[in-house]
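S.K.: all I have is the shape, not the residue letters:
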């Protein structure tokens, strides 16, 4: 999808695009974006923001896909947008990328309004969306040269970017092979390279590792980290993989049924559930819930089918009293485990469902 965001520009636009790319390559704009995470303080002005959405909404007839979403992403940040399929992740991303018009609210990306100035937004973003629209008869190099021309880059600029991208997305000599021979992981990486050819300020990655094997997924993760660390690229990452958001994101927003239900760093969100989680599978969840809620040190209990999740301040100290309480209540325990909280526990606490059950 990256190669479909921008159509060939005219001469005036070309000059502006080239100047923009030149400023980002080693100039003041790069130096400003490439800030370490430790100094990314809370934004004070609009110039500190890569993305801002206020009351963003998208309706399809009577169906509300995105429901008055407020969103702030700082420059140089990796923002994870987490939720099940159908929650509104992709629709939100498409609005921010100017591919779908909002039906309410407003949004700016790289300082430009997505409705009032979509061309300016498109010149400053890259996007690798869920389905890569690739021409299997092209080589990787041909695809990237074509994408570079769309953004008004000169041959010399494209040559320079090809050399940088060859190592950055780990394709090497495969860039000169036809895309039809690429593996699924290689196709993901060439789509990512196409989104990066013009050195964008903001990179949108929509479900970048869906369908990839663990090795290929790990390589994409490494590339995302490198882009953010070495180039200071702001990355908006939508995902339904808990581990992906936990590993990569500086902050996470959780969306469910079109609404943002929680936002914070992964650690902040997990601490909101409790220090530890006691997970119990039983044959009588109602009796188990009553018994566990009465155990000292239990902060909260969630029930999901035959599974009971108890948030506790001190996990090791809570295991034995929990087991004793269940035995005293006559509840047959199938399993009882202690673990640290995950983002899925956060999602379960907020929505009453586990994230995986929202998947199609």
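M.R.: Here it is on my side, so go on. Bear in mind that the values here come from a model prediction, so they are computed numbers and not experimental data. Numbering: from 1, shown residues only.
S.K.: in the stretch 1-150 of the chain, what spans have low per-residue confidence?
M.R.: Residues of the stretch 1-150 of the chain meeting the criterion pLDDT under 70: 1-46, 131-132.
S.K.: which residues in it form strands?
M.R.: Per DSSP state E, counting those that start in this stretch, the stretch 1-150 of the chain carries strands over the ranges 49-60, 63-74, 78-82, 104-109, 112-113, 125-128.
S.K.: so which of those strands gets nearest residue 282?
M.R.: For the strands of the stretch 1-150 of the chain, the distance to residue 282 is smallest for strand 78-82, at 28.7 Å, taking C-beta to C-beta. The way it works is simple: take the backbone N, C-alpha and C, and place the C-beta from them, glycine included.
S.K.: within the sheet, what are the partner strands of that closest one, with directions?
M.R.: Applying DSSP bridges to the sheet, strand 78-82 is found paired with strand 234-239 (parallel), strand 251-256 (parallel).
S.K.: please report how far residue 179 lies from residue 196.
M.R.: Note on residue 179: its distance to residue 196, by C-beta to C-beta, to the nearest Å, is 17 Å.
S.K.: in terms of neighbours, single out the busier of the two.
M.R.: residue 196 (24 against 21; other C-beta atoms under 10 Å).
S.K.: look up which residues are beta-bridged to the nearest residue to the more buried one once chain neighbours are set aside.
M.R.: Among residues not flanking residue 196 along the chain, residue 126 sits closest, at 5.5 Å (C-beta to C-beta, 6 or more residues apart in numbering). Going by DSSP bridges, residue 126 is paired in beta bridges with residue 203.
S.K.: which residues does residue 126 contact?
M.R.: The contact partners of residue 126, by C-beta atoms under 8 Å, 6 or more residues apart in numbering, come to 2, 5, 194-198, 200, 202-204.
S.K.: what residues does residue 305 make contact with?
M.R.: Residues in contact with residue 305 (C-beta under 8 Å, 6+ apart) are residue 285.
S.K.: which residues in the stretch 101-250 of the chain form helices?
M.R.: Here the stretch 101-250 of the chain has its helices, by DSSP state H, counting those that start in this stretch, at 118-124, 140-150, 155-168, 184-196, 214-231, 242-248.
S.K.: give me whichever of those is most buried.
M.R.: Of all these, helix 184-196 carries the top mean neighbour count, a mean of 23, counting by mean count of other C-beta atoms under 10 Å.
S.K.: bridged to the residue nearest the centre of the chain, which residues?
M.R.: In the chain, the centroid-proximal residue (C-alpha atoms, centre = their mean) is residue 237; its distance is 2.0 Å. Applying DSSP bridges to residue 237 yields these beta-bridge partners: residue 80, residue 205.
S.K.: I'd say it and residue 80 touch.
M.R.: Yes. Counting by C-beta atoms under 8 Å, residue 237 touches residue 80, with 5.1 Å between them.
S.K.: show me what contacts residue 328?
M.R.: By C-beta under 8 Å, 6+ apart, the residues touching residue 328 are residue 291.
S.K.: mind checking how far it is from residue 307?
M.R.: 20 Å.
S.K.: sorry, back to before: ok, which of the helices of the stretch 101-250 of the chain comes nearest residue 312?
M.R.: Across the helices of the stretch 101-250 of the chain, closest to residue 312 is helix 242-248 (C-beta to C-beta), at 20.6 Å.
S.K.: contacts for that closest one next, please.
M.R.: 78, 80, 82, 209, 217, 221, 224-225, 235, 237, 239, 252, 266, 342-344, 355.
S.K.: for stretch 96-110, same thing?
M.R.: Outside of stretch 96-110, the residues within contact range by C-beta under 8 Å, 6+ apart are 5, 46, 49-59, 66, 68-69, 71, 91, 94-95, 113-115, 118, 120-122, 124-125, 127, 129, 201-202, 204, 236.
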